[in-house]
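Trainee: I'll drop the sequence and a predicted model, then ask my questions.
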Amino acid sequence: MTEGSAPATKTDRDAEAARIARIRAKLVRMYPDATTALHWRTPFELLVATILSAQTTDAAVNQVTPALFARCPTPEAMLQLSEDELGSMIRTIGLWRNKARNLLAACRILVERHGGQVPRTREELMQLPGVGRKTANVVLSNAFGIPAIAVDTHVFRVARRLGLASGNTPERVEEELMAKLPEAEWSRAHHWLIWHGRRICHARNPRCDLCALRPECPTGQAGEPVRRAGGGGAAPEGAGTGSGAPRATPATAPPSSASRDEPADGPPDGLPDEREDGPAVRGDDGRGAVASQGGRPDARGPGAGETAGSPAPGPRPGPKGGEGR
């Protein structure tokens, strides 16, 4: 409720609850397999990959982590490297010098304070260099199954456009989403909103006329500028292309790199890109239409190395008995 507006009646509250329920149901059908694009097997690997993803595409991170994780599967192993040695293994990604420094400092804390294990609380995670609130939420949600909503640039934008939030900070948007969505759906909702932000609800050119959520979307109903299906760029997979309402077809494959990268779309709504030591606000954690987390991570999402039909992302198969398994 905005300042000065009349209090919502029970009828208003019921109508809004029904609208949110319809949005949730459609997102489930549209993106049933939405998950993080980062490749990882253990909580430590996810933590490292998410730190690396700040202002870097998930595809670029996934190119360097196989060799990195083979050599450094634990914090103790990573601490055997010098900063220059670690930097040489990640120098193809953005901000690699700062990230190498942060990773070694984080590993030192993990060994000295946590017995080499990744902590399971947001407060402890955010004490690690290179970890902001979004990165902490990504680790909690994906590695440990602890309900959390990581707000990257896509979640921030899509939640506000859909009227699920009105806050001007990632923290406020996170609070509003947690208040309006069932706790059991927090983690999945993060990925749904990222996928939708990358596939349909672009920052500068939202494809509103292709969007199955438009009947529930205040922004779409208000008639903001949209990209027409025949006016440049292929229609997203699973979206209707005729004059009728778009179909909420399951989007089990990620969109083409062209639709995900959105080179013309900078960080929207005044939301800054994530810095490696600040709040995570990029779309790096998800893939598809998905960050930060996911998640990441400039605001462009996975790079051109990922194309439609790529294998589903998420935890890579690993030996049993690993951390957090």
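Mentor: Happy to help now that I have it.
Trainee: ok, residue 122 - contacts?
Mentor: Residues in contact with residue 122, defined by C-beta atoms under 8 Å, 6 or more residues apart in numbering, are 133, 136-137, 140, 148. Any C-beta I mention is one placed from the backbone N, CA and C, and that applies to glycine too.
Trainee: tell me which two in those are the farthest apart.
Mentor: For the contacts of residue 122, the farthest-apart pair by C-beta to C-beta is 133 and 140; their separation is 10.4 Å.
Trainee: burial of residue 169, as a residue count?
Mentor: Other residues near residue 169 come to 13 when the count uses other C-beta atoms under 10 Å.
Trainee: likewise residue 162?
Mentor: Other residues near residue 162 come to 21 when the count uses other C-beta under 10 Å.
Trainee: shouldn't it be in contact with residue 216?
Mentor: Yes - when contacts are counted by C-beta atoms under 8 Å, residue 162 is listed as touching residue 216 (7.1 Å).
Trainee: list the buried residues in whatever helix or strand residue 22 lives in.
Mentor: Element membership of residue 22 [criterion: DSSP states H and E] is helix 10-30. Counting neighbours by 16 or more other C-beta atoms under 10 Å, one finds that the buried residues in helix 10-30 are 19-20, 23-24, 26-28, 30.
Trainee: residue 185: which of the residues you listed is nearest?
Mentor: Nearest to residue 185 among the buried residues of helix 10-30, counting by C-beta to C-beta, is residue 24 at 6.8 Å.
Trainee: residue 31 versus the closest one, what's the distance?
Mentor: 11 Å (C-beta to C-beta, to the nearest Å).
Trainee: pretty sure residue 164 is touching residue 20, no?
Mentor: Yes - taking contacts as C-beta under 8 Å, residue 164 lies within contact range of residue 20: 6.9 Å.
Trainee: overlap in contacts, those two.
Mentor: Listed as contacting both residue 164 and residue 20 by C-beta under 8 Å, 6+ apart are 180-181.
Trainee: quick check: the gap between residue 141 and residue 122.
Mentor: If you measure residue 141 against residue 122 using C-beta to C-beta, the figure is 11 Å.
Trainee: what residues are shared contacts of the two?
Mentor: Contact criterion C-beta under 8 Å, 6+ apart; residues shared by residue 141 and residue 122: residue 148.
Trainee: alpha carbons of stretch 72-89, as CSV, please.
Mentor: This file holds the C-alpha atoms of stretch 72-89, laid out as CSV (Å, rounded to 0.1, in the frame of the first residue of the first chain):
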residue,chain,number,x,y,z
CYS,A,72,41.7,-27.2,-5.5
PRO,A,73,38.7,-29.3,-4.3
THR,A,74,39.0,-27.9,-0.7
PRO,A,75,39.9,-24.7,1.0
GLU,A,76,43.1,-26.4,2.3
ALA,A,77,44.1,-27.3,-1.3
MET,A,78,43.4,-23.8,-2.6
LEU,A,79,45.6,-22.3,0.2
GLN,A,80,48.6,-24.2,-1.3
LEU,A,81,48.5,-21.8,-4.2
SER,A,82,50.0,-18.4,-4.2
GLU,A,83,47.9,-15.4,-5.3
ASP,A,84,49.7,-15.3,-8.6
GLU,A,85,49.2,-19.1,-9.2
LEU,A,86,45.5,-18.9,-8.4
GLY,A,87,45.2,-15.7,-10.5
SER,A,88,46.7,-17.5,-13.5
MET,A,89,44.0,-20.1,-13.3
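Trainee: which other residues reach it?
Mentor: The contact list for stretch 72-89 (C-beta under 8 Å, 6+ apart) reads 42, 44-45, 48, 64, 67-68, 71, 96-97, 100-101, 103-104, 106-108, 110-111, 116.
Trainee: out of those residues, which sit inside strands?
Mentor: Nothing among the contacts of stretch 72-89 maps onto strands, per DSSP state E.
Trainee: quick check: buried residues in stretch 83-93?
Mentor: By neighbour count on 16+ other C-beta under 10 Å, the buried set for stretch 83-93 is 86-87, 89-90, 93.
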